[in-house]
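Enquirer: based on what follows, work out the 3D shape:
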Amino acid sequence: METKSVVVVLSSYNGEKYIAEQIDSILSQQNVNLKLLIRDDGSTDSTLKIITDYKHTHPEKIYLIADKNVGFAKSFITATNQALKLFPNARYFAFADQDDFWLPNKLETGIDRLQSFNQKIPALYCSNLSVVDANLNFINKLRPQITIPLTKAQSLVYNLGVGCTMVFNRCAADLLSNNFIPQCKYHDFYLFQICRFCGNVVYDNDSYIQYRQHGKNQIGGHIGLLNNFANRFKFKSLDRICQNEASALLYGIGDLLSVEDRLLISDFSMLHSSFIRRIKYFFSSKYNIPTNKFFTKLKILLGTI
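Expert: A predicted model of the protein is given here:
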């Protein structure tokens, strides 16, 4: 069995402008046995034709599923399900966005960091990323240096693992595929939490990906002080993203969790229901995170996190 066999799972949608450059960077990965499975989520531009042309050029590496639009999270999960079936001997998987650019050692680095872990326990590698403009000009690193692993409580409010940086073992892919529920809106946040509560997470402060920012990003970084400030004040009380993701985690893998972990997640998922509880959480150091601590605390107090 190939120890560095990896399936890259990419969900595309109207990505004609940058997807060829991204596919080239994926196919240029060094020292791995790579397969690329692309699920097109109902593109209406020339994205499907571009992918089809690549598939004809690289039939042994590229697999294409053209399907209807279901949204990015469900699309990635559907593609992961197919990848598990099509490649029963693959030991590792990775998510890819359609508009980034990968450095040649991205996958090899992630796999090397995961190989020491027991393959029967979910394990996830994720890294920092270099934010770039549409022309791949460097802007900044997404995150500061993080030297202390996130606690389980912190992982409920801070997603350390951006999907496009993730490499994970087959056990993690199986858990994600078998326990994903429609309530979950972010497949990468869900996978990060699965591995944090049930297995291992490795974070790399270095970056091996150019994370392109442009006008059509579905989910992207927010660059600049004013943009970041404005984004942090979008208190959408009906969304409660972190609390909803916690509820999904409890429902999806609750049977695999310890009693202590179930209580932690359950208590957090009900944060919006009690102002007294939010006051307690606001003054607690349990949820302090490496960045944006003030805004996180404020969202906790308002019950909108």
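
Enquirer: any regions of the stretch 151-300 of the chain where pLDDT drops low?
Expert: Screening the stretch 151-300 of the chain residue by residue with the criterion pLDDT under 70, one finds the ranges 216-239, 290-292.

Enquirer: quick one: the strands in this protein?
Expert: 5-12, 33-41, 62-67, 92-96, 101-102, 123-132, 138-141, 167-169, 200-212 (DSSP state E).

Enquirer: distance from the chain centre to the fourth one, please.
Expert: With Cα atoms, centre = their mean, to the nearest Å as the basis, strand 92-96 stands 10 Å off its chain's centre.

Enquirer: got the CA coordinates for that strand in PDB?
Expert: What follows is strand 92-96 as a C-alpha-only set of coordinates in PDB (Å, rounded to 0.1, in the frame of the first residue of the first chain):
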ATOM      1  CA  TYR A  92      -5.100  10.300   3.200                       C
ATOM      2  CA  PHE A  93      -7.500  13.000   1.900                       C
ATOM      3  CA  ALA A  94      -7.300  16.700   1.400                       C
ATOM      4  CA  PHE A  95      -9.800  19.500   0.600                       C
ATOM      5  CA  ALA A  96      -9.100  22.000  -2.200                       C
END
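
Enquirer: quickly run through the sheet partners of it, with directions.
Expert: Using DSSP bridges, strand 92-96 pairs in its sheet with strand 5-12 (parallel), strand 167-169 (antiparallel).

Enquirer: for the ones you listed, give me JSON lines that also has distance to Tyr158 and mean neighbour count.
Expert: Any C-beta I mention is one placed from the backbone N, CA and C, and that applies to glycine too. Written out in JSON lines, the entries for the strands paired with strand 92-96 read as follows (distance: least, Cβ to Cβ, whole Å; neighbours: other Cβ atoms under 10 Å):
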{"stretch": "strand 5-12", "distance to Tyr158": "24", "mean neighbour count": "25"}
{"stretch": "strand 167-169", "distance to Tyr158": "19", "mean neighbour count": "27"}
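
Enquirer: so for Arg91, which of those strands sits nearest?
Expert: strand 5-12 (5.5 Å; Cβ to Cβ).

Enquirer: follow-up on the earlier one: which among the strands of the chain is found nearest to Gly110?
Expert: For those, distance to Gly110 was read as Cβ to Cβ. The smallest value, 3.1 Å, belongs to strand 167-169.
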